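Asks: kindly return the folded structure for what I paste below:
(one chain, ligands or ions: 1)
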Amino acid sequence: MRSTTGHSRRTYRDMRDFRKPPKQAMRKGMWKKHNPIFVIQKHAARRLHYDFRLEMNGVLKSWAVPKGPSTNPKDRRLAVQVEDHRLDYADFEGVIGEGEYGSGSVIVWDAGPYRNIKKDKAGHEVAMDAALKKGGIEIWLEGKKVRGGYALIRTKLAGKKENWLLIKMRDEGQDIRGSPTEKQPRSVLTDRTIEQVAAEQERERR
Ligand code: MN
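Replies: This is a model prediction of the structure:
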């Protein structure tokens, strides 16, 4: 069965297991065998936000970023840690029904492999789970829209331990004028906007 965009339902189902990625995603270079993945899902819930997720120890560690990631190192974006998600949620696109947790439409806004670049003062790599526990993560992202180093720093803003900041590090991936959330709104998997996903689902329901 084909939807109006020409993406078959089967394609979506296959894409949910990213350990066996479909050719489309492989061609786009988003899934590589030897690196964990990151994904940023744009989520039009009660309030629009971006869910930033990192594959770690078999789950997706997750933060809700109200303003989305910035490519400007001067921006500090609030990132509220939320519950871990299952790995197979990494390429979910669609509409979460009303009454369910996080109801609203979702697209995969960016995704790709990431590397841990966190070092201690002696220059030794700090493992991801130790960095998470310490509240100081540094990673290198190879997305289509966001690239290079990003730091996630726990701040306990307003006394809440789940409040972190997502900050672009200074490197060739920075772009002080760029605003990828505004200029590149579409899904990296299906090239749809979040409005199109919502509208398609609405049509299928009728
Ligand atoms: Mn969300």
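
Asks: bridged to the residue nearest to V80 when sequence neighbours are not counted, which residues?
Replies: Once flanking residues are discounted, V80 sits nearest to A64: 4.9 Å by C-beta to C-beta, 6 or more residues apart in numbering. From N, CA and C alone the C-beta is placed, and that goes for glycine too. Per DSSP bridges, the residues bridged to A64 are D51, V80.

Asks: how much space between A64 and N35?
Replies: Distance, A64 to N35, by C-beta to C-beta, to the nearest Å: 24 Å.

Asks: have a look at the two and say which one is more surrounded.
Replies: A64 (19 against 15; other C-beta atoms under 10 Å).

Asks: so the more buried one touches V82, yeah?
Replies: Yes - in this structure, A64 is within contact of V82 by C-beta atoms under 8 Å, at 5.3 Å.

Asks: hey, what's in contact with both of the two?
Replies: D51 (C-beta atoms under 8 Å, 6 or more residues apart in numbering).

Asks: what segments of the chain are helices?
Replies: Counting by DSSP state H, one finds helices in the chain at the ranges 9-15, 23-27, 128-134, 180-183, 194-205.

Asks: between these, which gets the lowest average pLDDT?
Replies: If the helices of the chain are sorted by mean pLDDT, helix 9-15 sits at the bottom with a mean of 39.

Asks: give the contact list for the closest residue to the ion within the chain.
Replies: The minimum distance from the chain to the ion, using C-beta to the ion, falls at H43 (3.8 Å). Contacts for H43 (C-beta under 8 Å, 6+ apart) come out as H49, Y50, D51, A64, G102, G104, S105, V106.

Asks: please repeat the previous calculation with a cut-off of 10 Å.
Replies: 49-51, 64, 96, 102-107, 109, 194 (C-beta atoms under 10 Å, 6 or more residues apart in numbering).

Asks: I appreciate the help and will end here.
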